[in-house]
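**Q** what would the 3D arrangement of this be:
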Amino acid sequence: MKIKFSITMILGLVFLCSPGCKKFLVHDNPSGVTDEEWWKTETHAYNALASIYAGVPAGSSGRNVMFWSGLSDEAVCRGDFRGNYDIYTRGLQNPTWDVAEWIWRDDYIDVRRACRFLENVDKCFMDDQLRTRMKYEARALRAFYHMEIMLFFGDIPIVTKSLTPLENHVKRDPQEKVYEFILAELKECAENLPGEYDSDETWRISAGACNALIVRLALFFHHYDVAKDAAAKIIGSGVYKLYRSEKAGVNSYAELFTYSGELNQERIFFKDGGCGNAWTTFAPSGIGGETYVSPTMQVVDNFETRQGKTPAELGPDSVAIYRKNPNYNNNRDPRLTASILYPGQSFLDANYILAPFDNATSNTDKIGVQKSTATGYWIRKYLDPRDRQARSGSLDFMYIRYSEVLLSYAEAAIELGNWQDPLVMQYLDEVRTRAGMPAVDKQRYNSAAMLRQLVRRERQSELAFEGQRYFDIRRWGLVKQVMNGPVYGATNPATGVAVKVQERSYTDRDYLWPIPEKEIVSNPEMTQNTGY
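**A** Predicted coordinates:
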């Protein structure tokens, strides 16, 4: 497997680190710094560890986690220079697909950084307790990067040492073995990493983050007992809680994704500054933004009314009303307006009305216009008006939030047959009421099947555009059902007709991504996934 640094990789990544870190990145260059020169002090160790953290996913940059919504039924991606996500939804991806190549390459670069750190940090003169903690951080991150690759590609090589050019021909390990490796590493790291860090280091991977990754991993493979136990540890730690604004009349859920709510105890694992360029990724063009990810009709329809029923459950007349005006009479789940901008809505101030169906030449918010919405909807999450003028900022991206853990506990308990566990209702109610929704109707949701339906709807309402929908529809076995056929966007209020955006195609082949062609060519031991 060719995972050694190339010149182009280095040029694209050195700017992420300090000057000392640049030397660490280019070590494999014969003219670069030697290990004897590098691994000496605590500062060297910190810089080397920082290079491993560079791969932690961001929302609107780096790994582009929010773009993963475009791989599912909740969004459409446009703008190939940020990655050609759209061809995946039409079944046109192949071994030269840029998105697959980037993730494979970047994750294995981060794995290699972690291995080099673990092999050399003992040479540094530093506090032994700090060194031990750093080793667990590196191991946890290495396990996480393996996990990310496996969830996309299936069988992958387990790499636990920095490979030389003569060692890079390695085989793929079975997915089951990779799973066990990741699980064992995360469990041990969770037992040895801090539950909390000082305020200036809260971005580091913690015991809670390790357990939250275990929850995601175990749910994906239907190991519900493992997921439930890991979620219980997070909940029982007392470290995390749902964010609630201290300001009267403010929607806590909406504020969570702004600078006002940025410092909170809900974030378990986050990327510092990971949504700093949200304005030039999601915002309407007419107010200086750029739009590359656009919500679909499906995700809008998923939100309940304030009475706890979806428009579809209320009947065809209600569907027609709420499609023309998604927040008709201000009667929808408040998470809708916190997550999505829609036609006719005023944004920033009452004078700016979103009009994607207005065909005036001067209207840069028209559907399909370059850098405008593809569907008539826009993502609202992480758009803070304070970023408008500079068109950039420093908002953190929350990769895992506490609300997800509560929902995951509920799902795991239901799938284990424990749907009557009182904690299931308690955690669902906590998530819903924080957002301004009513508690669960216990008379209606009185079976495992009904609660399963509710949990799945809650996950999309709560976690929309945060990157989990793609994995959810795959693990639930719904992906072929929801990723085939036409995709619709907003409904034109004047005509009552929804815009058809595209036709999608998904087959069994698409469940796993193609191994990058460069990897196949450079490694004779590497095999390709079926169908590619």
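**Q** residues touching the most centrally placed residue in the chain, list them.
**A** Among the residues of the chain, residue 467 comes closest to the average C-alpha position under CA atoms, centre = their mean, at 3.2 Å. Residues in contact with residue 467, defined by CB atoms under 8 Å, 6 or more residues apart in numbering, are 57, 59, 65-66, 68-69, 399. C-beta coordinates here come from the backbone N, C-alpha and C atoms, glycine included.
**Q** top of those by number of neighbours, please.
**A** The most neighbours of any of the contacts of residue 467, using other CB atoms under 10 Å, belong to residue 59, which has 32 neighbours.
**Q** tell me the contacts of it?
**A** By CB under 8 Å, 6+ apart, the residues touching residue 59 are 65-66, 271, 274-275, 278, 382, 397, 466-467.
**Q** from residue 404, how far out is the residue nearest to the centre of the chain?
**A** Note on residue 467: its distance to residue 404, by CB to CB, to the nearest Å, is 11 Å.
**Q** same check, this time on residue 452
**A** The spacing between residue 452 and residue 404, counted by CB to CB, is 17 Å.
**Q** swap in residue 176?
**A** As for residue 176, its distance to residue 404 is 25 Å (criterion: CB to CB).
**Q** what is the burial count for residue 250?
**A** For residue 250, the neighbour count with other CB under 10 Å is 13.
**Q** how about it, secondary structure?
**A** Assigned by DSSP: H, G, I helix; E, B strand; the rest coil, the conformation of residue 250 is coil.
**Q** which parts of the chain are strands?
**A** 75-77, 267-271, 293-295, 340-341, 378-379, 397-401, 485-491, 498-504 (DSSP state E).
**Q** and the fourth one, what's its mean pLDDT?
**A** I take that to be strand 340-341. What strand 340-341 shows for mean pLDDT is 98.
**Q** buried stuff in the longest helix that the chain contains?
**A** Longest helix of the chain, by residue count under DSSP state H: helix 128-153. Buried residues in helix 128-153, counted by 16 or more other CB atoms under 10 Å: 133-153.
**Q** residue 230 versus the spatially closest residue to residue 196 that is not a sequence neighbour, what's the distance?
**A** Setting aside the residues directly before and after it, residue 196 is nearest to residue 239 in space (CB to CB, 6 or more residues apart in numbering), at 5.6 Å. Distance from residue 239 to residue 230, counting by CB to CB: 14 Å.
**Q** more crowded one of the two?
**A** When neighbours are counted by other CB under 10 Å, residue 239 and residue 230 differ, and residue 230 comes out ahead with 30 against 16.
**Q** measure that one to residue 208 for me?
**A** Residue 230 is 10 Å from residue 208, by CB to CB.
**Q** ok, the closest residue to residue 312 other than its chain neighbours - contacts?
**A** Sequence neighbours aside, residue 319 is the residue nearest to residue 312 in space, at 5.9 Å (criterion: CB to CB, 6+ apart). Residue 319 makes contacts with 301, 311-312, as judged by CB under 8 Å, 6+ apart.
**Q** ok, the residues you listed vs residue 102, which is closest?
**A** Sorting the contacts of residue 319 by distance to residue 102 puts residue 301 at the head of the list, at 32.0 Å, by CB to CB.
**Q** burial of residue 527, as a residue count?
**A** Neighbours of residue 527 (other CB under 10 Å): 11.
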